[in-house]
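S.K.: Below: sequence and its predicted model.
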Amino acid sequence: MVNLLKVYQKLFQSFGPQHWWPGDSPFEIAVGAILTQNTNWGNVEKAISNLKKQNALSAMAIHKMTVRELSELIRPSGYFNIKAKRLKCFIEFFMNDYRGSIKRMKNEDVHSLRRKLLGISGIGPETADSILLYALKKPIFVIDAYTKRVLSRHSIMEHDEPYERFQKLFHSSLKEDVKLFNEYHALFVRAGKIYCKLKNPLCEKCPLGT
DNA sequence: TGCCAGGCCGGGT
DNA sequence: ACCCGGCATGGC
């Protein structure tokens, strides 16, 4: 059985702090979490920049926009039609249940909130957990394609195991720590990008070794 | 130039 | 409960 804390320490020694999530406010982070689904972050930045230019990076502004208007602004992020709908669904929930207040949403019980987020069309486990960890500072570990890639390449877990099993791996062996979960996931992304380029991670460039 | 990027939904088995 | 096609832009 691998020691996941030691894996973290190796990654941190190799790459240092990653300063995640790039975003100025909890609301911006939540929007970014939806826009970045299966999409390069650079494209998401262009979309967010468009929203800012139109002074539209707020729950109320997006609430008042039509799906068509919103989709044009977020076009660079790809899948813009479907993401516009997803964003509107999230905003509607955010307005209805918390009157557009991050503080009120943050005040809700974490697991109850997670279930509610998963009930929104367009928000799956990774997006929900990204919002909980990075926007709301809740100790929830985020699993993504990079995390699965790194762990499976090292035979720590099979790639096709379900999301919840990957997540449980971390929750059951690490102390619930927002800072740790934040940095750890960001480091997986950093490492995972290198693995992709190399195809074979089992070389001296891999911080985790063979 | 084709491949890939910080997923998720809905319909079909 | 799983499987799969669809969704789309921009960078290399």
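M.R.: Yes, it's here. Residues are numbered from 1 along each chain as shown, chains lettered A, B, ... in the order given.
S.K.: How about the residues of chain A by DNA strand C?
M.R.: Within chain A, the residues that sit near DNA strand C (CB under 7 Å from any atom of the strand) are A:38-40, A:42-43, A:46, A:75-76, A:78-83, A:160, A:162. Any C-beta I mention is one placed from the backbone N, CA and C, and that applies to glycine too.
S.K.: Pull up the per-residue confidence for the residue most central in space within chain A.
M.R.: Central residue of chain A (CA atoms, centre = their mean): residue A:130, 3.4 Å from the mean position. pLDDT for residue A:130: 98.
S.K.: name the element the closest residue to it other than its chain neighbours belongs to?
M.R.: By the measure of CB to CB, 6 or more residues apart in numbering, the closest residue to residue A:130 outside its immediate chain neighbours is residue A:33, 4.1 Å from it. Element membership for residue A:33, per DSSP states H and E: helix A:26-35.
S.K.: can you give me the helices for chain A?
M.R.: Counting by DSSP state H, one finds helices in chain A at the ranges A:4-15, A:26-35, A:41-53, A:59-64, A:67-73, A:80-98, A:102-106, A:110-118, A:125-130, A:145-153, A:163-171, A:178-198.
S.K.: Send me the fourth one as PDB with only the CA atoms.
M.R.: Read it as helix A:59-64. Provided in PDB are the C-alpha atoms of helix A:59-64 (Å, rounded to 0.1, in the frame of the first residue of the first chain):
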ATOM      1  CA  ALA A  59     -24.400  36.100 -10.600                       C
ATOM      2  CA  MET A  60     -26.900  38.900 -11.300                       C
ATOM      3  CA  ALA A  61     -25.300  39.900 -14.700                       C
ATOM      4  CA  ILE A  62     -25.400  36.300 -15.900                       C
ATOM      5  CA  HIS A  63     -28.800  35.800 -14.500                       C
ATOM      6  CA  LYS A  64     -30.200  38.600 -16.600                       C
END
